[in-house]
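Provided below for reference: sequence and predicted model.
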Amino acid sequence: MLPDCFVFAFSIRWDYRMTTAPRPLRGRLSRAVEAQEAVKEMILRRRLVAGDPLPTETELMEDLGISRNSVREALKALQAVGIVDIRHGFGMFVGTMSLTGLVDELAFHSRITLQDGRNDLGYLIEIREILESGLVQRLIELDEVDLTPVAEVLTRMEAEALVGEVSPDTDRLFHDLLYRPLENPLVSQLLGAFWDVYFQLRDSLGTPDEPAADVARRHRDIYTAVAAGDREAAVTAVCAHFDGVRNRLARLRDRPRNGE
């Protein structure tokens, strides 16, 4: 299970959106919502899964008893949230889960807050730290964990640090492989979403002041603690891993803004 604080943070966001979203108007909008629900129920009723083909517009009209305009409007709305995947020239399919919309929203609003001295990106980093602190402990609880792929990526990371900077791809792969034994696909997607937001904004944070060798060492500390089954050391290493970005955010927050 995810840490309680992580679930709480997302539940607040969801509750806020649900309570502040405008209520559907009567008439055309309510029919559009009903059409969306009808398509979703059809997917569930037929036990379709991600990637399965959907009926054509005409078939949906006949099966659901709704107009072509309502079907099209429903499909567009469901496509926007990833439930339906429309591939022009190929057909319509059940969509795969994606956090792209969440990433774009978080990145945009974090960029806004960076401009006025607030720290939404810092809050996001804090949530990721809480998540990873719990994940390393779950990883240690497993009976047998093959960390060979992680060790290989770590060797690559240390080699990169000797000649320059640790590449973002190597850094991201380390975390992806580290938690893969948990066999929880949502972990990879959530961490990937956090990483994508940070990657979009990292140039706005200024030049990193942490030597590449220190970056590699912090990852080595996480690996060593997990391999040794030391929960306390693993959590400490995860927290230290975020010191570099925390320092960059602090410098950005303390920097005088225009007009001050």
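That came in fine, so what should we check first?

what ranges do the helices span in the stretch 101-250 of the chain?
Along the stretch 101-250 of the chain, counting by DSSP state H, counting those that start in this stretch, helices occupy 120-141, 148-163, 168-179, 185-201, 212-228, 231-241, 243-254.

other SSEs contacting the third one?
Same thing as helix 168-179. Counting contacts by 3 or more C-beta pairs under 8 Å, 6 or more residues apart in numbering; DSSP states H and E, helix 168-179 packs against helix 120-141, helix 148-163, helix 185-201, helix 212-228. In short, each C-beta sits where N, CA and C put it, glycine included.

Also the longest one?
Secondary-structure packing of helix 120-141 (3+ C-beta pairs under 8 Å, 6+ apart): helix 4-20, helix 100-115, helix 168-179, helix 185-201, helix 212-228, helix 231-241, helix 243-254.

As TSV, the helices of the stretch 101-250 of the chain with mean pLDDT, distance to Glu41 and mean neighbour count would be great.
Below are the helices of the stretch 101-250 of the chain laid out as TSV (pLDDT from 0 to 100; distance: least, C-beta to C-beta, whole Å; neighbours: other C-beta atoms under 10 Å):
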stretch	mean pLDDT	distance to Glu41	mean neighbour count
helix 120-141	90	33	19
helix 148-163	96	41	16
helix 168-179	94	34	18
helix 185-201	86	24	17
helix 212-228	95	44	18
helix 231-241	95	42	18
helix 243-254	75	44	15
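
So for Ile112, which of these sits nearest?
Taking C-beta to C-beta, helix 120-141 is the member of the helices of the stretch 101-250 of the chain nearest to Ile112, at 8.0 Å.

Taking the chain centroid, which residue in this structure is the extreme one?
In the chain, Glu62 marks the outermost C-alpha relative to the chain mean, sitting 37.8 Å out by C-alpha atoms, centre = their mean.

Could I get the helices of the stretch 101-250 of the chain in CSV, plus columns for distance to Lys40?
Shown next, in CSV, are those (distance: least, C-beta to C-beta, whole Å):
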stretch, distance to Lys40
helix 120-141, 29
helix 148-163, 38
helix 168-179, 31
helix 185-201, 20
helix 212-228, 40
helix 231-241, 38
helix 243-254, 39
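
per the record, what domains does the protein have?
Following automatic domain parsing, one finds the domains of the chain at 22-94, 100-254.

quick one: the residue farthest from the centre of the chain from Phe93, how far?
The spacing between Glu62 and Phe93, counted by C-beta to C-beta, to the nearest Å, is 19 Å.

now Leu139
34 Å.

Flag the shaky bits of the stretch 1-150 of the chain, pLDDT-wise.
By pLDDT under 70, the low-scoring segments of the stretch 1-150 of the chain are 1-30, 114-119.

so Leu60 makes contact with Val39?
Yes. Leu60 lies in contact with Val39 (C-beta atoms under 8 Å); the separation is 6.8 Å.

who touches both of those two?
Taking C-beta atoms under 8 Å, 6 or more residues apart in numbering as the criterion, Leu60 and Val39 both touch Val71.

follow-up on the earlier one: columns distance to Gly51 on top of the helices and strands packed on helix 120-141, output as TSV?
Compiled in TSV, the helices and strands packed on helix 120-141 are given as follows (distance: least, C-beta to C-beta, whole Å):
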stretch	distance to Gly51
helix 4-20	26
helix 100-115	17
helix 168-179	22
helix 185-201	15
helix 212-228	34
helix 231-241	35
helix 243-254	36
